[in-house]
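[1] Based on what follows, work out the 3D shape:
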Amino acid sequence: MSKQDPPNPYEFLKVQGVPGVEASADDEQHSLNITDSNQETAIIITRKTGEYWYGGFQFYWHHGNTSYKRPDPANGLFRSERETRLYYIGYLSLFLDYYLEDTKSSIKSALLEFSQQTLF
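    A predicted model of the protein is given here:
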């Protein structure tokens, strides 16, 4: 994943204009495993600080490398855990050409699942 990544289609989910939010060791953290394959693993990490959520991911490639984006409020704040997850799943979806078929399928399924809001 390069420094000139394509734009995330879920960029609009980020909350704008909230200064001074910093990560704390006390922030509640959750992990969501997106993939079912043993060959590649995609994990979305979400953390809550006050009324906002922020996140990151870990990706274990089939060739043994790891990609990681540390959860940090500086990377964006979100109104809900669902929006945070959708943003980072959307980010991973930008690189579908590089994944194994099982991983592609899992990421596409997660996008569908998290892009549909529940009413209740």
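[2] contacts and neighbour counts: CA atoms only from here.
    Noted.
[3] Next, Asp106: secondary structure please.
    Wrong residue type there; residue 106 is Ser, not Asp. Three-state call for Ser106 (DSSP: H, G, I helix; E, B strand; the rest coil): helix.
[4] Equivalent analysis for Asn8, please.
    coil.
[5] and what of Gly55?
    Reduced to three states by three-state DSSP, Gly55 is strand.
[6] Quick one, grab the pLDDT at it.
    pLDDT recorded at Gly55 is 97.
[7] is it true that it touches Arg79?
    No. Counting by Cα atoms under 8 Å, Gly55 does not reach Arg79; the two are 11.8 Å apart.
[8] With neighbour numbers in mind, choose between the two.
    Gly55 (27 against 15; other Cα atoms under 10 Å).
[9] Now do the contacts for the residue nearest the centre of the chain.
    Geometric centre of the chain, nearest residue: Tyr88, 2.2 Å, by Cα atoms, centre = their mean. The neighbourhood of Tyr88, defined by Cα atoms under 8 Å, 6 or more residues apart in numbering, consists of 44, 55-57.
[10] and of those, the nearest to Phe114?
    Set against Phe114, the nearest of these by Cα to Cα is Ile44 (12.3 Å).
[11] who's in contact with the closest one?
    31-34, 55-58, 85, 88-89.
[12] For the helix or strand encompassing it, C-alpha coordinates in CSV please.
    Using DSSP states H and E, Ile44 sits in strand 41-49. Taking Å, rounded to 0.1, in the frame of the first residue of the first chain, the C-alpha atoms of strand 41-49 are listed here in CSV:
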residue,chain,number,x,y,z
THR,A,41,-6.1,-12.3,7.3
ALA,A,42,-7.7,-8.9,7.4
ILE,A,43,-8.6,-7.4,10.8
ILE,A,44,-10.3,-4.1,11.3
ILE,A,45,-9.4,-2.5,14.6
THR,A,46,-11.8,0.1,16.2
ARG,A,47,-11.4,2.2,19.3
LYS,A,48,-13.7,4.6,21.0
THR,A,49,-12.7,7.8,22.7
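[13] Please consider this matter closed, and thank you.
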